[in-house]
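Visitor: Provided below for reference: sequence and predicted model.
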Amino acid sequence: MDQVAGPDELEIATSYMNAVLNGPFIAVECTGDIGTLEIVAWSAGAERMLGYAGGEVIGRRLADTALGSVDVDLWRRLCEVQGGAPLTAEHRRKDGRVVACAWVHEPVRCADGQVVRRLFIGQDVTDRGRQADASRDDSVILRAILDYVPIAACKYDRDGVFTHHDGKGLENSGLKPGDLIGKNVFDVYGADPVAADGMRRALSGEIVENQVENQGVTWRSWLLPVVDERGTPNGAVSVTFDITDMKRKEIELQARIDMIQSQQQVIRALSTPIIEVWDRVLTLPMVGVVDSLRTSEVMDSLLDAISSKGARFAILDLTGVDAVDTKTASYLIEMVRAIRLLGAEGVITGIRSNVAQTMIALGVDLSGIITMGNLRAGLKLCIQRMNRAAAADGAARAESR
């Protein structure tokens, strides 16, 4: 549009400018020198973009409006560079939001070459700029991850050929970024059935997670399908983490857990030892708080000992027991009944006063169960009963002769 215009051309140029100003474009018409541009027309598109009505800006210097507050040299550069690429600048709207616009300049000159009016036409590129910023941010984030996190990221075409191969995690694999580009993944890892099967499934459209070990390094991979605009599988992406240290720590932690559990088992066995205090008389002293889990374990151990030693009596000494609950009391009664089923007799000794009160409050029925005040009394009872039984057996044998 930059041309030397006669009267007819000037009229045509004026008609063109009016069409632009009245159309959907962002357009501003100015007069005056470059340094003192004054707004004489303001399009509806400019009003929509910047939020200012024409009456608020017409007659004012361009540099004194929202269009001049961000980049005061923008309009000078546009005017001085003829036919150049659009220049982009950010402007603050009336409501405070910032928008971006790409501007071009179209001057109209008189026959003597003097510019009589200047038309600035703009395009709103705010969303385009945000998308470009977002894309740059994505690239920066991805680059930082690949450079500093021990992962390997690869992309494959529909046949499984590497088209991207990068990441800090490659350091432990003996490979450098890009080493596998152009190679087929099935040629490289085809000997590993897990890796090969996972890649086939990913290329067919399935999300796959697997774990493989290679040259002493443990890798955990996510294989993600890539689809085209029709949703058809068109390759795959893999993100692989070097979890060797994590796996080692996991094994060490499990070993510690196993050791702790073993130690706890030893402690439980020591805290409830089964003692053969007399021939065929076993004693189980219990200490502390007796819960249902501990009582269940003790029952199994005690019944095994009664069977293996052929015990006639089993004394459950509760002298060191601080408290019991309903379930624990029920277990104790069941233990005595189980002892009877094995042909032995169960005796409970050393019930504390507070434990006795708790059992009464809980309604625990101890009828039919032998209870003694302490372990000595219980052992004495067992010996007396065994002596009487032995004497009776001797008398019966003598009579039979």
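Guide: Yep, that arrived.
Visitor: alpha carbons only for contacts and neighbour counts from here, please
Guide: Will do.
Visitor: give me the low-pLDDT residue ranges for this protein?
Guide: Scanning the chain with the threshold set as pLDDT under 70 gives 1-24, 69-72, 82-84, 129-135, 215, 265-272, 289-294, 401.
Visitor: in the longest helix along the chain, what's buried?
Guide: In the chain, taking DSSP state H as the definition, the longest helix is helix 244-271. Buried residues in helix 244-271, defined by neighbour count with 16 or more other Cα atoms under 10 Å: Thr244.
Visitor: any chance you could map the helices in the stretch 301-401 of the chain?
Guide: Along the stretch 301-401 of the chain, counting by DSSP state H, counting those that start in this stretch, helices occupy 326-341, 353-362, 375-400.
Visitor: Can I take it that Asp159 is in a helix?
Guide: No. With DSSP: H, G, I helix; E, B strand; the rest coil as the criterion, Asp159 is assigned coil and is not in a helix.
Visitor: hang on, the earlier thing: report all helices and strands that the longest helix of the chain contacts.
Guide: Using 3 or more Cα pairs under 8 Å, 6 or more residues apart in numbering; DSSP states H and E as the contact test, the elements touching helix 244-271 are strand 217-227.
Visitor: CA atoms only: put the strand it packs on into CSV for me.
Guide: C-alpha atoms of strand 217-227 as CSV (Å, rounded to 0.1, in the frame of the first residue of the first chain):
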residue,chain,number,x,y,z
VAL,A,217,21.5,-53.2,35.9
THR,A,218,17.8,-53.4,36.8
TRP,A,219,15.5,-51.4,34.5
ARG,A,220,11.8,-50.6,35.0
SER,A,221,10.1,-49.5,31.8
TRP,A,222,6.8,-48.0,30.7
LEU,A,223,6.0,-48.7,27.1
LEU,A,224,3.4,-46.3,25.7
PRO,A,225,1.7,-46.6,22.3
VAL,A,226,1.7,-43.7,19.8
VAL,A,227,-1.3,-43.3,17.6
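Visitor: Which neighbouring elements make contact with it?
Guide: helix 193-203, strand 208-214, strand 233-242, helix 244-271.
Visitor: Rebuild those as CSV, extending it with distance to Gln357.
Guide: Listed next are these as CSV, based on distance: least, Cα to Cα, whole Å:
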stretch, distance to Gln357
helix 193-203, 64
strand 208-214, 59
strand 233-242, 61
helix 244-271, 25
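Visitor: closest to Val188 out of the helices of the stretch 301-401 of the chain?
Guide: Shortest separation from Val188 across those is recorded for helix 326-341, at 62.0 Å, computed as Cα to Cα.
Visitor: Report the angle between that closest one and helix 353-362.
Guide: Between helix 326-341 and helix 353-362, the angle comes out at 90 degrees (axes from the mean of the first three to the mean of the last three Cα atoms, to 10 degrees).
Visitor: which helices and strands does helix 326-341 pack with?
Guide: helix 292-309, strand 345-349, helix 353-362.
Visitor: Give me the angle between the second one and helix 326-341.
Guide: Here the directions of strand 345-349 and helix 326-341 differ by 140 degrees (the same axes, to 10 degrees).
Visitor: Now do strand 345-349: everything it contacts.
Guide: 312-319, 336-337, 339-340, 369-375, 378 (Cα atoms under 8 Å, 6 or more residues apart in numbering).
Visitor: Which of the residues you listed are buried? Put it as a ChimeraX command.
Guide: Restricted to buried positions by 16+ other Cα under 10 Å, the ChimeraX selection for those reads:
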select :312,313,314,315,316,317,318,319,336,339,371,372,374,375,378
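Visitor: from the contacts of strand 345-349, which ones fall inside strands?
Guide: By the criterion of DSSP state E, membership of these in strands covers Phe313, Ala314, Ile315, Leu316, Asp317, Leu318, Thr319, Ile370, Thr371, Met372.
Visitor: pretty sure the third one contacts Trp278?
Guide: No. Assessed by Cα atoms under 8 Å, Ile315 is found out of contact with Trp278, at 11.1 Å.
Visitor: now the closest residue to Lys155 other than its chain neighbours, which residues is it bridged with?
Guide: In space, and not counting its chain neighbours, Lys155 is closest to Val237: 4.4 Å by Cα to Cα, 6 or more residues apart in numbering. Residues in a beta bridge with Val237, per DSSP bridges, are Lys155, Leu224.
Visitor: do His91 as well
Guide: With DSSP bridges as the rule, His91 is bridged to Val99.
Visitor: what about it, how many residues close to it?
Guide: Counted with other Cα atoms under 10 Å, the neighbours of His91 add up to 21.
Visitor: do you know how far Ile306 is from Leu318?
Guide: 19 Å (Cα to Cα, to the nearest Å).
Visitor: now Cys382
Guide: From Cys382 over to Leu318 the distance is 17 Å, taken as Cα to Cα.
Visitor: Thr358 now?
Guide: 14 Å.
Visitor: likewise Ala389?
Guide: Counting by Cα to Cα, the gap from Ala389 to Leu318 is 27 Å.
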